[in-house]
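1. Sequence and predicted structure below; questions after.
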Amino acid sequence: MTSLAPAPAPSTTSPRTLPSAPGLAINGGTPVLPSPVAFMHTGLTEADIAAATSVLKSGMLRAAKKCEELEVRFAALSGAKHFMTCANGTCALQLAYEPLFAPGDDVLVPAWSYIATVSMVVARGGNPVFVDALEDTMQIDVADAQRKITPRTTAIAATHLYGCPVDVAAVQALAHKHRLKVVYDAAQAHLSTYDGKGIGAYGDAVTYSFYATKNLGTGEGGAISCNDDALARQIKLLRSHGETDKYLHEQVGYNYRMNDIAGAIGCSKLDRLPAETAARQRIAARYDALLAPIDGLKAPTTTPRATSVYHLYVVKMDLSRFACTRDQFCAALNKEGVPTAVHYPRSLTRQPAFARFADAQGHPPIADALSARIFALPMHHMLTDDQLAKIGEALNKVATAYRA
Ligand SMILES: Cc1ncc(COP(=O)(O)O)c(C=O)c1O
């Protein structure tokens, strides 16, 4: 068995000796926010509950009218011709990958993403080839992808991470030049755009997650969009046991269907998604302004020609500007009433699950270093101006106390 590769450089992860900083809440001082703000919010309203209840009362629990309505409306909003709901975002990736590449193919994947983007490549029998992230946007580095293409490469899976589209023009150009299939993982990027169009307009397929905490969350749920009729048919067959007529199965498939309770919640939430997305974008702009004067904390950068929907607002630290590690910084911030999270504590090449691929490839350096430097601030449409001002105050307080 291959052993887990070593963790990132100890100098950035081992706790450092901290300045005394008696004013910090972690040292007994008064917290900036006496009760912590919520990190995220599922935003379920009475209308969503009524929509779900109405399906329950109807007795039609399987995928039916509500899933169909969600498919039609989401297709229009995302710029895609076909939109197919399914059980979750992981199934969505499986349904997209299976028709687009074969077992044994090399598939370019981001080293910096959620595990499912890559684990479903492996589940399909593909060989993941890990591509580094860009330092500024943290999205897949298409120049690095280009360097890693071989005659065995047939596809690229690119995640619109944190809600920010990747450099779609560069991905599409690379794919065109090398005849690669393209799957965009938009689990975190509902309603984001590139060049003024919904992200559903690009690539061979785009996948979504409707997991509870996503920008549109139905509990569990997912979807695949595409613009090719034959591919849409293929995905629908795979989604439901290859069934073309009652108990007539044209091919082997799965049961990866969504259900109408989730569909109803999705439709109800979709009514508010554009306004909630705009709120996230306003909050992100406020965070950008709050972070600008703080030396060593860097706001996320958006890919040129793209709009981000800020599923997460991820800050990068320049650790040389602080006397603490990221974890020590976050621990102090948490005690001030500002919860944080780390997406992700290790790059995918550091996951034991991928050791058999990653050990031979090494660790793309930017993705590898990000795991010790980044943290996410609270992000949801219900954050108030007052809360944001207090979060800014807390960031300044900790940054000043732990200044190198
Ligand atoms: C980028 C990305 N891809 C795929 C998934 C998988 O989605 P699900 O949890 O709905 O299976 C997630 C969920 O967190 C994700 O963030």
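-> Thanks, I have the structure now. Treat the numbers as computed from the prediction; the structure is a model and nothing was measured.
2. Could you tell me which residues of the stretch 101-250 of the chain lie near the ligand?
-> Counting by C-beta under 6 Å from any ligand atom, the stretch 101-250 of the chain comes close to the ligand at 113-114, 116-117, 159, 185, 187-188, 209, 211, 222. Heads up, the C-betas are built off the backbone N, CA and C, glycines and all.
3. All the strands of the stretch 101-250 of the chain, residue numbers only.
-> In the stretch 101-250 of the chain, the segments counted as strands under DSSP state E, counting those that start in this stretch are 106-110, 127-131, 153-159, 181-185, 193-194, 197-198, 205-209, 222-226, 243-245, 248-249.
4. Next, the buried residues of the longest one.
-> Judged by neighbour count using 16 or more other C-beta atoms under 10 Å, the buried positions of strand 153-159 are 153-159.
5. Closest to the ligand out of those residues?
-> Closest approach to the ligand among the buried residues of strand 153-159 (C-beta to the nearest ligand atom): Thr159, at 4.8 Å.
6. Let me see the backbone angles for Cys330.
-> phi -70, psi -40 (degrees, to the nearest 10).
7. So it sits against Thr340, correct?
-> Yes. Counting by C-beta atoms under 8 Å, Cys330 does reach Thr340; the two are 4.4 Å apart.
8. and for these two, which residues touch both?
-> Residues touching both Cys330 and Thr340 by C-beta atoms under 8 Å, 6 or more residues apart in numbering: Phe375.
9. quick revisit: pLDDT and distance to Phe101 for the buried residues of strand 153-159 - can I get that in TSV?
-> Shown next, in TSV, are those (pLDDT from 0 to 100; distance: C-beta to C-beta, whole Å):
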residue	pLDDT	distance to Phe101
Thr153	98	10
Thr154	98	5
Ala155	98	4
Ile156	98	10
Ala157	98	9
Ala158	98	14
Thr159	98	17
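10. what would those look like in JSON lines with distance to Gly392?
-> Below are those laid out as JSON lines (distance: C-beta to C-beta, whole Å):
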{"residue": "Thr153", "distance to Gly392": "45"}
{"residue": "Thr154", "distance to Gly392": "47"}
{"residue": "Ala155", "distance to Gly392": "43"}
{"residue": "Ile156", "distance to Gly392": "38"}
{"residue": "Ala157", "distance to Gly392": "37"}
{"residue": "Ala158", "distance to Gly392": "33"}
{"residue": "Thr159", "distance to Gly392": "29"}
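11. Quick check: beta-bridge partners of Ser225?
-> Ser225 has these beta-bridge partners by DSSP bridges: Phe83, Val206.
12. what about Asp48, neighbour count?
-> Neighbours of Asp48 under the rule other C-beta atoms under 10 Å: 21.
13. Which elements pack onto the helix or strand containing it?
-> Following DSSP states H and E, one finds Asp48 within helix 46-58. In terms of contacts (3 or more C-beta pairs under 8 Å, 6 or more residues apart in numbering; DSSP states H and E), helix 46-58 is packed against helix 260-291.
14. where along this protein do the helices fall?
-> Ranges of helices in the chain, per DSSP state H, are 10-13, 46-58, 65-78, 89-100, 115-123, 142-147, 168-178, 229-239, 260-291, 326-335, 355-361, 365-370, 385-401.
15. Return the most buried member of those helices.
-> Burial of the helices of the chain is given as mean neighbour count (mean count of other C-beta atoms under 10 Å); helix 89-100 ranks first at a mean of 26.
16. Name the residues that touch that helix?
-> Applying C-beta under 8 Å, 6+ apart, the contact partners of helix 89-100 are 84, 86, 116-117, 119-121, 123-124, 126, 155, 157, 181, 183, 185, 187, 204-211, 214, 222-224, 226, 231, 234-235, 238-239, 254, 256.
17. Find the residue ranges of the stretch 1-150 of the chain scoring beneath the pLDDT cut-off.
-> Applying pLDDT under 70 to the stretch 1-150 of the chain flags residues 1-11.
18. Grab the nearest non-local neighbour of whichever residue of it sits closest to the ligand.
-> Nearest residue of the stretch 1-150 of the chain to the ligand: Gly89, at 2.4 Å (C-beta to the nearest ligand atom). Nearest residue to Gly89 in three dimensions, chain neighbours excluded: Ser209, at 2.6 Å (C-beta to C-beta, 6 or more residues apart in numbering).
19. Now do Asp386 against Leu333, distance only.
-> 18 Å (C-beta to C-beta, to the nearest Å).
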